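# the amino acid sequence is not available; the structure is as follows:
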């Protein structure tokens, strides 16, 4: 009991208090082809897991003879109590993710393994910048790949509702294309008249603040009447579900956003990562719950939805001296949604022999994450290979869009 | 004496926490000698120290947490034993346990601190607070006078007392430059109270013991104090890291955790791209094995104090950044820290970050070069660094494009409205809402330090709501036009002045003043 309590406490570390480290933001416009006559009205969501997810612990290569030795005490097993859910003969899914397993069996979810961005060092912050900016290297933080993808889409009507938790927009969605967000609050609202006067002042004195306030006011209005009230410090796992539930509700609406991003913090499992139960298991349970919330909340729109779950890099193949894992390279990406051509493990498995590990320590990446995302964006929104290679993910031409990810 | 209102605005807002209300005369003083107004605080020899009755040392606080956890454990064991005695079959059922955990668990207690109070309770009897002038409040109190309905545990009490002491110091400081420096360095070397009970308990003492004594001292001394502080060792897991070939490592078949070593290089000194490799990180991790703190039973030393555990230390020489360190024991790590504190990459990283914090997201290169040179030339003298910043022309010429952080905004409001806190709850809740929970950043890189991060739509809307709330409670005591004179005088833009003068009520005028660019930008 005591053990699980101390794990609970660690699970809340490195996570913003206010919102439990979960946030959502969305494009402020509908794509032009939304509500098209043919009835296809695609949704796209990306979930960024900040802190570096241990892909080998989430989708474990149980059939790899070296896996059990490397992952030691926290390795998943194919049988026994809390056994992994075998996705095929070789890979087992963490038992904390039954919803994802169900989607996988229904061919609405897939796993890409041994995947990485183009970043090869091990700083979280640079790694996250590369993951979210879509540039080949760190240091470019003006805009994110999803925002640039939006700029390439024909803009339709403005969305009339949106919800974002977290006082800042995640980098992946930052940029020139307008986005919307909302932070839940227990505060009484300032009077409209006061807000309008302030807006008038900002328009004369400080255009940037004027635009920020304009958006903040709209979003607050739209979010009103929603019973969503994330509790401050309510714990990351509950927050993940809660944010996903709100996001799904809004994205299901005919006039709601079609394209959004969520960010979940807290995956940096240096110590006492836990195996089938424990710290990582709790987080994965939260992620699993979030995916389930999307499925139920999107209702009929689930059919047209693709969710991409990605993280900045993986963790060391071998556990460290404190039953956790340090910063690594190759990891997994998850795809979920009714539009996913699922029920598949997508991987060019590099093996876990020391000689096959990246720098003799990490799962070697054999798939470029950009190829996966480009494939999805191409299939969901018809974005061309050129714009994907030049604008959305600059200098990524060799990482061709992966084919056949969407039904 | 010439009066320069624009320079006064810079002195107060860029370098300090804003003008105090009442009869402080801050704006006039800043206008007559802007540089002198800022630099005056640096002259006090121990001006950064925070010594408040009731605030305890890290080992003493550690002992309290250990005792508290021990008591909970005992109570739980006793409850379990009683349950087992009371029934024939051992109660495996889940019914009783959640109940117990509700009452006793540390994590839930820790979470409660952060979030249980409804945000900015409007009915809170704040009258006494609001009426307090800075001078009347020079004796900060260590304990919250209005305990919430549920009794606080020792961890919550400590966190609030530490928070209160820091907030009170910020509200009463003359300019606030030294406190701004404390906040800067504390964020540079941040820990997060969310890591667990010990981190929450030690968040304040960490700043008092490892940051404040060196804010006007030497960078290398601060670095050593930080990396040897139990709070940092706990936050970045170093107490768990064992040399693989150390006695403890062999006996327990455990080994390295490179978390602290990486962040020392990446975040504390050299910076990303500062010329280190994965091998350097791993070597430094080995070098600092054994840097830990003593636990409850005190086998290694006074419980809760930094200790070097030779049994956990990886034996033998290590090579870091191309240099071999053959020292034995703790001296090895201290030698490495001493060298990387003086590394050119560190000087550049610190100079850039320092200028970015105070002056502009993209600071003038000439200013960065000047600060880097000062840092190098003075062997990391942080008083000299701060002085060089204030003496530079760039820091006074750059337009006020930065946003006040939530902490700066709330403190500036408290200063202007002469609202010396007796209870930290309002500030803590406001900080939670605005995304800057005190001593609890989401990661070891601390809170963001760019204008964009704090000018997001939701954040601005929340600031407006908070301003309106404050104004609705306090505006009756002030004439907002007088307050504008205290905040900006003739540096206020005509539009701002007009907006405030034409407001429909004092409440509205005060809310608009608090949200004006003159109050939000720095």
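Okay, I see it. Note that the structure is a prediction, hence the values are computed from the model and not measured.
# so the most centrally placed residue in chain A is in which element?
Compute the mean C-alpha point of chain A, and by Cα atoms, centre = their mean the closest residue is residue A:47, 1.3 Å away. Assigned by DSSP states H and E, residue A:47 falls within strand A:43-49.
# show me what that strand is in contact with.
Contacts with strand A:43-49, where a contact means Cβ atoms under 8 Å, 6 or more residues apart in numbering or on different chains, come from A:128, A:131-132, A:146, A:170, A:172, A:247, A:251, A:258-264, A:267, A:287, A:290, A:294, A:298, A:301, A:304-311, A:337, A:373, A:376-377, A:380-381. Where you see a C-beta, it was placed from the backbone N, CA and C, and this is true even at glycine.
# the strands in chain A, which residues?
A:22-27, A:29-31, A:43-49, A:59-60, A:85-86, A:92-93, A:109-116, A:155-158, A:179-180, A:259-264, A:305-311, A:331-336, A:344-347, A:367-368 (DSSP state E).
# before we move on, the earlier item: paired strands for the strand holding residue A:47, with orientation please.
strand A:259-264 (parallel), strand A:305-311 (parallel) (DSSP bridges).
# touching the first one from outside, list them.
Same thing as strand A:259-264. Residues from elsewhere that reach strand A:259-264 (Cβ under 8 Å, 6+ apart): A:21-27, A:31, A:43-50, A:144, A:146, A:150, A:166, A:170, A:172-173, A:236, A:240, A:243-244, A:247, A:251, A:283, A:286-287, A:290.
# off-centre distance for that strand?
Relative to its chain's centre, strand A:259-264 lies at 6 Å (Cα atoms, centre = their mean, to the nearest Å).
# how about the longest one?
Relative to its parent chain, strand A:305-311 has a centroid offset of 6 Å by Cα atoms, centre = their mean.
# could you do stretch B:59-79 as well?
The chain centre lies 27 Å from the centre of stretch B:59-79; the measure is Cα atoms, centre = their mean.
# wait, is residue B:171 part of a helix?
Yes - when DSSP: H, G, I helix; E, B strand; the rest coil is applied, residue B:171 is found to be in a helix.
# how near is it to chain A?
22 Å (Cβ to the nearest Cβ, to the nearest Å).
# contacting residues around that residue?
Per Cβ under 8 Å, 6+ apart, neighbours of residue B:171: B:17, B:20, B:134, B:137, B:411, B:414, B:415, B:419, B:420, B:421.
# among those, the buried ones, what's the ChimeraX command?
Remark: buried members of these, expressed as a ChimeraX selection using 16 or more other Cβ atoms under 10 Å in any protein chain shown:
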select /B:17,20,134,137,411,414,415,419,420,421
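# number of nearby residues for the closest residue to residue B:219 other than its chain neighbours?
Closest residue in space to residue B:219, ignoring its immediate chain neighbours: residue B:380 at 3.4 Å, by Cβ to Cβ, 6 or more residues apart in numbering or on different chains. Counted with other Cβ atoms under 10 Å in any protein chain shown, residues neighbouring residue B:380 total 23.
# quick one: pLDDT of residue B:380?
Per-residue pLDDT puts residue B:380 at 98.
# may I have the phi/psi pair for it?
When quoted as degrees, to the nearest 10, the phi and psi of residue B:380 stand at phi 70, psi 40.
# so it sits against residue B:224, correct?
No - Residue B:380 is beyond contact range of residue B:224, at 11.5 Å (criterion: Cβ atoms under 8 Å).
# which residues does residue 346 contact?
Going with chain A. Going by Cβ under 8 Å, 6+ apart, residue A:346 touches A:110, A:111, A:112, A:113, A:367, A:372, A:402, A:405.
# my question was about chain B, not that one.
Residue B:346 is in contact with B:219, B:269, B:270, B:271, B:274, B:340, counting by Cβ under 8 Å, 6+ apart.
# next: residue B:287.
Contacts of residue B:287 by Cβ under 8 Å, 6+ apart are B:261, B:314, B:318, B:320, B:325, B:332, B:333, B:336.
# same check on residue B:495?
Neighbouring residues of residue B:495 by Cβ under 8 Å, 6+ apart: A:201, A:204, A:205.
# do you know how far the first one is from residue A:89?
In this structure, residue A:201 and residue A:89 are separated by 66 Å, where distance is defined by Cβ to Cβ, to the nearest Å.
# the second one too?
When distances are taken as Cβ to Cβ, residue A:204 and residue A:89 turn out to be 68 Å apart.
# now do the last one
Distance, residue A:205 to residue A:89, by Cβ to Cβ: 66 Å.
# all helices of chain A, in order?
A:2-11, A:55-58, A:67-71, A:98-105, A:124-133, A:145-151, A:192-205, A:207-223, A:236-252, A:279-298, A:369-381, A:385-387 (DSSP state H).
# and chain B, is the longest one touching that?
When you say that, I think you mean helix A:279-298. No - against chain B, helix A:279-298 shows no contacts by Cβ under 8 Å from any Cβ of the partner chain, the least distance being 11.4 Å.
# run the angle between that helix and strand A:331-336 for me.
Interaxial angle of helix A:279-298 relative to strand A:331-336 (axes from the mean of the first three to the mean of the last three Cα atoms, to 10 degrees): 20 degrees.
# and helix A:279-298, what does it pack against?
helix A:2-11, strand A:43-49, helix A:55-58, helix A:98-105, helix A:236-252, strand A:259-264, strand A:305-311, strand A:331-336 (3 or more Cβ pairs under 8 Å, 6 or more residues apart in numbering or on different chains; DSSP states H and E).
# thinking again about what came up before, top of the contacts of residue B:287 by neighbour count?
When neighbours are counted by other Cβ under 10 Å, residue B:261 leads the contacts of residue B:287 with 29 neighbours.
# any weak-confidence spans in the stretch 401-522 of chain B?
Nowhere does the stretch 401-522 of chain B drop to pLDDT under 70.
# of the contacts of strand A:259-264, grab the buried ones for PyMOL.
The following PyMOL line selects those of the contacts of strand A:259-264 that are buried, judged by 16+ other Cβ under 10 Å:
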select buried, chain A and resi 21+22+23+24+25+26+27+31+43+44+45+46+47+48+49+50+144+146+150+166+170+172+173+236+240+243+244+247+251+283+286+287+290
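# what's the neighbour count on the residue of the stretch 301-407 of chain A at minimum distance from chain B?
Proximity of the stretch 301-407 of chain A to chain B (Cβ to the nearest Cβ) peaks at residue A:321, 2.7 Å away. For residue A:321, the count of nearby residues is 26 (other Cβ under 10 Å).
# go on, the one 5 residues further on?
Using other Cβ under 10 Å, the number of residues around residue A:326 comes to 29.
# wait, it sits on residue A:268?
No - assessed by Cβ under 8 Å, residue A:326 is found out of contact with residue A:268, at 9.6 Å.
# about what we covered before: adding neighbour count, write the contacts of residue A:346 out as TSV.
Formatted as TSV, these follow (neighbours: other Cβ atoms under 10 Å in any protein chain shown):
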residue	neighbour count
A:110	22
A:111	25
A:112	26
A:113	27
A:367	21
A:372	22
A:402	19
A:405	27
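# of the residues you listed, list those near chain B.
Among the contacts of residue A:346, no residue sits close to chain B (Cβ under 8 Å from any Cβ).
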